[in-house]
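**Q** Okay, here's the prediction I keep looking at, along with the sequence it came from:
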Amino acid sequence: MTIVKKKSKPGGTPVPFIPVEQLPSVLAVLFYGRSGTGKTTIASSFPAPSLLLDIREKGTDSVSNVKGLKVAHLNAWEQFEEIYWYLKKGEHDFRTVIVDQITQLQELAMKKALKDDGKEDTEQMSKRNFGQAGGMMKTWLLNYRDLIDDGIHVVFLAHDRVTNQGDDGSGEDQIDPVVGAALMPSVASFVNGAVKIIGNTFIRETYSIQNKRKVRAVEYSMRIGPHAFYTTKTRSPVGIAAPSVIVDPTYEKLVGIMRGDYSETPTTIRKKR
């Protein structure tokens with residue numbers, strides 16, 4: 001790798017210029033969808049060893065046989081902060097951290113905001129409390145996202161939610177529904193802008209005729225290409241369109257799409273030869 005050093009001023013710190021094709025494929029991504037659509041399974045395909053932060057989900061049965069995956073069960077906001085500092089310190093070999101799920105993490109943030117305000121969990125949230133919880137979410141999700149600078153992949157998982165554009169005070173003339181992560185509007189917008197890939201997981205049924213019988217098949221799929229209603233995003237090379245849907249998505253397929261090494265077929269994507 002050729003590095004050109006440039007000083008901002010005499011005696012300043014040299015700034016490395018790195019060819020874009022040599023940048024590492026360390027990803028920060030957001031996968032959202034209904035329960036049972038494969039979010040955790042996809043996340044477990046990211047490079048191991050991996051650390052899965054199970055935030056009141058108890059949904060690790062689907063990845064119980066994944067090697068190199070460790071699980072930490074979180075029930076309080078403070079634990080989320082403590083694990084970040086552990087990861088940031090670097091005295092571990094984790095290559096991926098999975099936050100499952102940030103929808104539940106938001107609930108912990110709300111409880112923390114109430115506690116800091118001297119209120120009980122059962123008391124009503126004020127506008128100020130919502131602002132505090134939203135601020136906590138943005139700050140710490142950004143901290144986790146920036147772990148990619150330390151070579152750690154970051155996977156955020158979330159439930160899905162259907163909203164109408166304008167619910168957050170913008171686009172009031174737009175009544176079409178939008179499907180995205182189940183988060184406060186300001187937090188959802190922040191996370192959407194902070195990650196490289198946003199994928200919506202779903203299960204698609206297909207049917208075929210075999211020996212004169214109708215056979216049903218189930219495909220675990222993900223929307224990643226531009227969509228009118230579903231929030232999606234993929235950063236791929238200019239001039240190369242990301243497929244609208246991929247079947248059985250994995251880390252390798254997503255990296256291939258970002259590098260322009262994959263092309264779309266009618267139902268899935270295949271690697272270019």
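**A** Great, that's in hand.
**Q** For the lengthiest helix in the chain, buried residues please.
**A** The helix that spans the most residues within the chain, counting by DSSP state H, is helix 127-145. Within helix 127-145, the residues that qualify as buried by neighbour count (16 or more other CB atoms under 10 Å) are Asn129, Gln132, Ala133, Gly134, Met136, Met137, Lys138, Trp140, Leu141, Tyr144, Arg145. For the C-beta atoms, the positions are set from N, CA and C on the backbone; glycine is no exception.
**Q** For Ile148, which three-state class applies?
**A** Using DSSP: H, G, I helix; E, B strand; the rest coil, the three-state assignment for Ile148 comes out as helix.
**Q** neighbours around it, how many?
**A** A total of 16 residues lie near Ile148 under the criterion other CB atoms under 10 Å.
**Q** thinking again about what came up before, which neighbouring elements make contact with the longest helix of the chain?
**A** Contact analysis of helix 127-145 by 3 or more CB pairs under 8 Å, 6 or more residues apart in numbering; DSSP states H and E lists helix 77-89, helix 102-116, strand 153-158, helix 185-194 as its packing neighbours.
**Q** how about 10 Å then?
**A** Packing partners of helix 127-145 (3 or more CB pairs under 10 Å, 6 or more residues apart in numbering; DSSP states H and E): strand 28-33, helix 77-89, strand 96-100, helix 102-116, strand 153-158, helix 185-194.
**Q** Would you mind telling me which of those is nearest Ala242?
**A** In this view, those are compared for proximity to Ala242 by CB to CB, and strand 28-33 is the closest at 13.2 Å.
**Q** Pairing partners for the closest one, with directions?
**A** Partner strands and pairing direction for strand 28-33 (DSSP bridges) are strand 153-158 (parallel), strand 197-210 (parallel).
**Q** Redo those strands as TSV? Include mean pLDDT.
**A** As requested, those are exported to TSV (pLDDT from 0 to 100):
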stretch	mean pLDDT
strand 153-158	98
strand 197-210	90
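**Q** winner for burial among these?
**A** Among those, ranked by average contacts under mean count of other CB atoms under 10 Å, first place goes to strand 153-158 (a mean of 25).
**Q** and it, how far from the chain's centre?
**A** Computed by CA atoms, centre = their mean, to the nearest Å, the separation of strand 153-158 from the middle of its chain amounts to 4 Å.
**Q** now for the strands paired with strand 28-33, which one comes closest to Pro249?
**A** For those, the distance to Pro249 is smallest for strand 197-210, at 6.8 Å, taking CB to CB.
**Q** What strands flank whichever helix or strand comes after the closest one, and is each parallel or antiparallel?
**A** Reading on from strand 197-210 to the C-terminus, the next helix or strand found by DSSP states H and E is strand 213-223. Under the criterion DSSP bridges, strand 213-223 sits next to strand 197-210 (antiparallel), strand 245-247 (antiparallel) in its sheet.
**Q** on that earlier part again, would you list the buried residues of helix 127-145 in TSV and tack on distance to Pro185?
**A** Formatted as TSV, the entries for the buried residues of helix 127-145 read as follows, by distance: CB to CB, whole Å:
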residue	distance to Pro185
Asn129	16
Gln132	16
Ala133	13
Gly134	9
Met136	16
Met137	12
Lys138	12
Trp140	18
Leu141	15
Tyr144	20
Arg145	19
